[in-house]
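Undergrad: build me a model:
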Amino acid sequence: MWVELTKDEWFMKLALSEGYKGKGKTLPNPAVGAVVVKDGKVISTGYHERAGLPHAERIALERAGKEAKGATLYVTLEPCNHYGRTPPCTEAIISAGIKKVVIGVRDPNPVASGGIERLKRAGIEVEVGVLERECFELIEDFVFNLKSPRPFVSLKLASTLDGAIADKEGNSKWITGKEARAYVHKLRSYYNAVMVGIGTVLKDDPLLTVREYPVEKQPFAVVVDPTLKIPTNCRLVKERASELVVITDQSSLLTYKAGILKDLGVKLLPVFGVEGVIDLTEALTSLKEELGVYSVLCEGGSSLAGYLLENSNVDKFYVFYAPKVLMGRDFIPIFRGSSRKLCEIFNFSLFSIETYGQDIVFKLYRKEIVKNII
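TA: You can find the predicted model right below:
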């Protein structure tokens, strides 16, 4: 159904487009986009490129120059009001002579908040909550990392209508169409790391890179491999050794294979394990602490997906449904894990439904994350 956007929503959409240029690259800072508008015309745009560099508002204001006086500033996140690596954006807005500021979502960081009140005290008109849901999604990873020791984890799954992610031989190419697969590459560009299980590596020999979208730096490739079954001649080792992280059991470090992988430049991340099952919560926390990984897109199979879910390590779902039916029972289901009763099921909040070609994508969040947004 077509919904006509208001003027403020239209310009906020443009600010969001700017913000997504930095998504995944700014962490631990939020991705933010800004647009300066005067007399109904876009004067300038800006986005936060990475932590330590100027914020989106400052870039847009500098580009606008004298034209910023009397203009309206659209910004996806409440302008900061503190001295960090950069000065407060509120002071730059006031100095530029901005007449009105339209904000998507309030800053959840108590250190940086207070910008709305500061702007109002300076006599600037402020409107808050324009496309709030969309602006929240832009900073989902930032919001989560404010309070969590582990990274923000999204789980991407592609399924037939009857719940199959692969046939009984493990073949999954291709359930979804080219439009959906192109969107997945865009998603990868928003994350610090792409994670799969060793089964996916052995079956598909993937590279886990962003293709079809330009990126300055590829996300880390993370493989969950408790007993170091990863072949030294697979593409991840041969072509991406310096960007490859293998999560493995501590005991695997004593093997000859571990020495070879280290010599090739592969990063081994040892964690505690019992009977071939490793502690992924510990592993995710180590990814954040040791490698600065603040967001992870998991594209693993049903076993890894089930294990992440059972251990409360899934914050967001991307569930792709293709208009196809495999039939029968001899296929690989979306999840594998312990059986549960209806009263014990996992509940998520539906955020949006989108289409890519013939495929439908359901976006869902863990309820705790979006309780004040949905």
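Undergrad: just checking, Ser17 touches Ala34?
TA: No - with contact defined as CB atoms under 8 Å, Ser17 does not reach Ala34; the gap is 11.3 Å. The way it works is simple: take the backbone N, C-alpha and C, and place the C-beta from them, glycine included.
Undergrad: of these two, who's got more company?
TA: It is Ala34, of Ser17 and Ala34, that has more neighbours when counted by other CB atoms under 10 Å, with 31 against 14.
Undergrad: so who does that one touch?
TA: When contacts are counted by CB atoms under 8 Å, 6 or more residues apart in numbering, Ala34 touches 15, 18, 45-47, 56-57, 59-60, 73-76.
Undergrad: after the helix or strand harbouring it comes which helix or strand?
TA: Take DSSP states H and E as the rule and Ala34 turns out to sit in strand 33-38. Reading on from strand 33-38 to the C-terminus, the next helix or strand found by DSSP H and E is strand 41-47.
Undergrad: bridging residues for Cys298?
TA: For Cys298, the beta-bridge partners are Leu155, Met195 (DSSP bridges).
Undergrad: number of residues surrounding it?
TA: Neighbours of Cys298 (other CB under 10 Å): 25.
Undergrad: same check on the one 10 residues further on?
TA: Burial of Leu308 is recorded as 25 neighbouring residues (other CB under 10 Å).
Undergrad: where does Gly115 land on pLDDT?
TA: Note on Gly115: pLDDT of 89.
Undergrad: that one: neighbour count?
TA: Gly115: 25 surrounding residues under other CB under 10 Å.
Undergrad: likewise for Lys147?
TA: Other residues near Lys147 come to 7 when the count uses other CB under 10 Å.
Undergrad: likewise for Asn313?
TA: 19.
Undergrad: Leu61 too?
TA: If you count neighbours by other CB under 10 Å, Leu61 ends up with 27.
Undergrad: okay, and Thr200 sits in which element?
TA: With DSSP H and E as the test, Thr200 turns up in helix 198-204.
Undergrad: give me the contact list for the helix or strand following that helix.
TA: Moving toward the C-terminus from helix 198-204, the next helix or strand (DSSP H and E) is strand 220-224. Strand 220-224 is contacted from outside by 192-198, 201, 207-209, 230, 236, 240, 243-247, 278, 280, 283, 287, 291, 293, 296, 300, 304, using CB under 8 Å, 6+ apart.
Undergrad: partners of strand 220-224, with directions?
TA: strand 193-197 (parallel), strand 244-249 (parallel).
Undergrad: let me see the mean pLDDT of that strand.
TA: Across strand 220-224, pLDDT averages out at 96.
Undergrad: that strand: what's the following helix or strand?
TA: Next along from strand 220-224, by DSSP H and E: helix 235-240.
Undergrad: buried set for that following helix?
TA: By 16 or more other CB atoms under 10 Å, the buried positions in helix 235-240 come out as Arg235, Leu236, Val237, Arg240.
Undergrad: isn't the second one right up against Ile230?
TA: If I follow you right, that is Leu236. Yes - look at Leu236 against Ile230 with CB under 8 Å: they come within range, at 7.3 Å.
Undergrad: output the below-cut-off pLDDT ranges for the stretch 51-200 of the chain.
TA: Scanning the stretch 51-200 of the chain for pLDDT under 70 picks out 83-86, 112, 163-173.
Undergrad: now the strands: where do they sit in it?
TA: Assigned by DSSP state E, counting those that start in this stretch, the strands in the stretch 51-200 of the chain fall at 72-77, 100-105, 125-128, 152-159, 164-167, 193-197.
Undergrad: Asp263 is nearest to which of those?
TA: Across these, Asp263 has its closest neighbour in strand 193-197 (22.6 Å, CB to CB).
Undergrad: quick check: angle from that closest one to strand 152-159?
TA: With axes from the mean of the first three to the mean of the last three CA atoms, to 10 degrees defining the directions, strand 193-197 sits at 50 degrees from strand 152-159.
Undergrad: pretty sure Tyr307 sits against Leu280.
TA: Yes - using CB under 8 Å, Tyr307 is in contact with Leu280, at 6.5 Å.
Undergrad: that older thread, single out the most deeply packed of the strands paired with strand 220-224.
TA: Compared across those, strand 193-197 shows the largest average neighbour count, a mean of 26 (mean count of other CB atoms under 10 Å).
Undergrad: how distant is that one from the center of its chain?
TA: Centroid displacement of strand 193-197 relative to its chain, using CA atoms, centre = their mean, to the nearest Å, is 13 Å.
Undergrad: can you tell me what sits against it?
TA: For strand 193-197, the surrounding residues in contact (CB under 8 Å, 6+ apart) are 151, 188, 206, 208, 219-225, 245, 287, 293, 295-301, 303-304.
Undergrad: and stretch 313-329, average pLDDT?
TA: The average pLDDT for stretch 313-329 rounds to 82.
Undergrad: should've said stretch 364-374
TA: Taken as a whole, stretch 364-374 has a mean pLDDT of 75.
Undergrad: same question for that stretch: list its buried residues.
TA: Applying a neighbour-count criterion of 16+ other CB under 10 Å, one finds Leu364, Tyr365, Arg366, Ile369, Val370, Ile373 buried in stretch 364-374.
Undergrad: nearest to Val102, of the residues you listed?
TA: The shortest approach to Val102 among those belongs to Ile373, at 18.1 Å (CB to CB).
Undergrad: what about the closest residue to Val222 other than its chain neighbours, distance to Pro270?
TA: Leaving aside its chain neighbours, Val222 sits nearest to Met195 (4.0 Å; criterion: CB to CB, 6 or more residues apart in numbering). Distance from Met195 to Pro270, counting by CB to CB, to the nearest Å: 16 Å.
Undergrad: and Leu73, what are its bridge partners?
TA: Applying DSSP bridges, one finds that Leu73 bridges with Val36, Val101.
Undergrad: measure how buried Ser242 is and give me the count.
TA: 10.
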